[in-house]
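A.B. asks: okay, here's the prediction I keep looking at, along with the sequence it came from:
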Amino acid sequence: MSHAAKVEVRELTPELLDDYLRFFDKDAFTDFPEWSECYCGFYDEPGDNWDASAKAGPAHRAARAERIRSGQAHGLLALVEGKVVGWCNAQARSRFLNMRRYATVVDDPKEPVGSIMCFLVAPGHRGKGVGTALLKAACDKFRRDNLHVAEGYPTTNPVKRAREIPWAEENYKGSLGMYLKAGFKIHGQLERFAIVRKQL
């Protein structure tokens with residue numbers, strides 16, 4: 001049996017709040033602390049100003065926890081042997097409060113599209129099928145939610161930096177190859193990222 005076959009994917013619910021927070025508190029960003037204060041709330045924060053500093057972490061954590069408790073946060077958790085090892089921020093595009101720079105891809109806000117905004121896989125579980133399992137589960141969820149299109153935004157031309165780009169930063173949108181292998185097709189190409197789509 002492959003390692004990928006042991007990945008269990010669950011939809012985020014208020015009952016899984018503690019598991020979600022434990023993953024972000026302890027495992028998600030052990031090799032990339034610069035983003036450890038996000039708690040995947042970036043696309044739910046109104047306005048143009050996102051405080052990425054460490055001091056904002058507790059506020060982001062509290063806001064995200066409240067959204068999960070109230071059933072307003074959606075996405076998928078990947079578990080291996082009962083422990084969360086991955087996360088995918090996937091839901092109806094219309095539910096994201098702030099698409100930020102990805103708003104440019106929205107031609108028709110009423111279109112029944114499911115958006116896949118972020119993947120996060122803990123070190124030690126990368127390259128073992130966790131992202132692929134999350135992507136499949138996202139498409140399945142979108143079908144259950146009566147959405148007609150799955151849409152992702154893989155980075156195709158990362159910003160050149162003097163330092164090496166950490167794995168989590170380079171891959172948090174999912175790789176183009178992973179999407180294409182799952183049957184997605186390139187719908188559009190912008191300067192930094194592609195829009196990929198799959199009819200459901």
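C.D. replies: Here it is on my side, so go on. Just so we're clear, the structure is a prediction, and the values are computed from it rather than from any experiment.

A.B. asks: quick check: mean pLDDT of the one helix or strand residue 198 maps to?
C.D. replies: In this assignment (DSSP states H and E), residue 198 forms part of strand 194-199. Across strand 194-199, pLDDT averages out at 96.

A.B. asks: list the strands paired with that strand, with their directions.
C.D. replies: strand 149-152 (antiparallel), strand 185-189 (antiparallel) (DSSP bridges).

A.B. asks: export it to CSV, keeping only CA atoms.
C.D. replies: Coordinates of each C-alpha in strand 194-199 appear next as CSV, following Å, rounded to 0.1, in the frame of the first residue of the first chain:
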residue,chain,number,x,y,z
ALA,A,194,-1.8,30.6,-14.2
ILE,A,195,-5.5,30.1,-13.8
VAL,A,196,-6.3,26.4,-14.1
ARG,A,197,-9.8,25.0,-14.4
LYS,A,198,-11.6,21.7,-14.4
GLN,A,199,-15.2,21.1,-15.3
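
A.B. asks: can you list contacts of stretch 11-30?
C.D. replies: Applying Cβ atoms under 8 Å, 6 or more residues apart in numbering, the contact partners of stretch 11-30 are 10, 35-36, 39-40, 61, 65, 68-71, 73-77, 79, 84-85, 87, 120, 122-123, 141, 168. Just so you know, the C-beta spots here come from the backbone N, C-alpha and C atoms, and that holds for glycine as well.

A.B. asks: by mean pLDDT, which helix or strand of the chain comes out lowest?
C.D. replies: helix 167-171 (a mean of 76; mean pLDDT, DSSP states H and E).

A.B. asks: same for whichever helix or strand comes after it, what does it pack against?
C.D. replies: For helix 167-171, the succeeding helix or strand toward the C-terminus, using DSSP H and E, is helix 176-181. Here helix 176-181 touches helix 130-144, strand 194-199, going by 3 or more Cβ pairs under 8 Å, 6 or more residues apart in numbering; DSSP states H and E.

A.B. asks: what separates the first one from the chain centre, distance-wise?
C.D. replies: This points to helix 130-144. 11 Å (Cα atoms, centre = their mean, to the nearest Å).

A.B. asks: circling back to that earlier point, how about the strands paired with strand 194-199 in a markdown table, adding distance to residue 108, mean pLDDT and mean neighbour count?
C.D. replies: Converted to a markdown table, those look like this (distance: least, Cβ to Cβ, whole Å; pLDDT from 0 to 100; neighbours: other Cβ atoms under 10 Å):
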| stretch | distance to residue 108 | mean pLDDT | mean neighbour count |
| --- | --- | --- | --- |
| strand 149-152 | 11 | 97 | 23 |
| strand 185-189 | 13 | 95 | 13 |
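
A.B. asks: could you export those strands as a markdown table, including distance to residue 103?
C.D. replies: Formatted as a markdown table, those follow (distance: least, Cβ to Cβ, whole Å):
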| stretch | distance to residue 103 |
| --- | --- |
| strand 149-152 | 13 |
| strand 185-189 | 14 |
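
A.B. asks: just how off-centre is stretch 109-125 within its chain?
C.D. replies: 3 Å.

A.B. asks: my bad, should have said stretch 140-147
C.D. replies: 17 Å.
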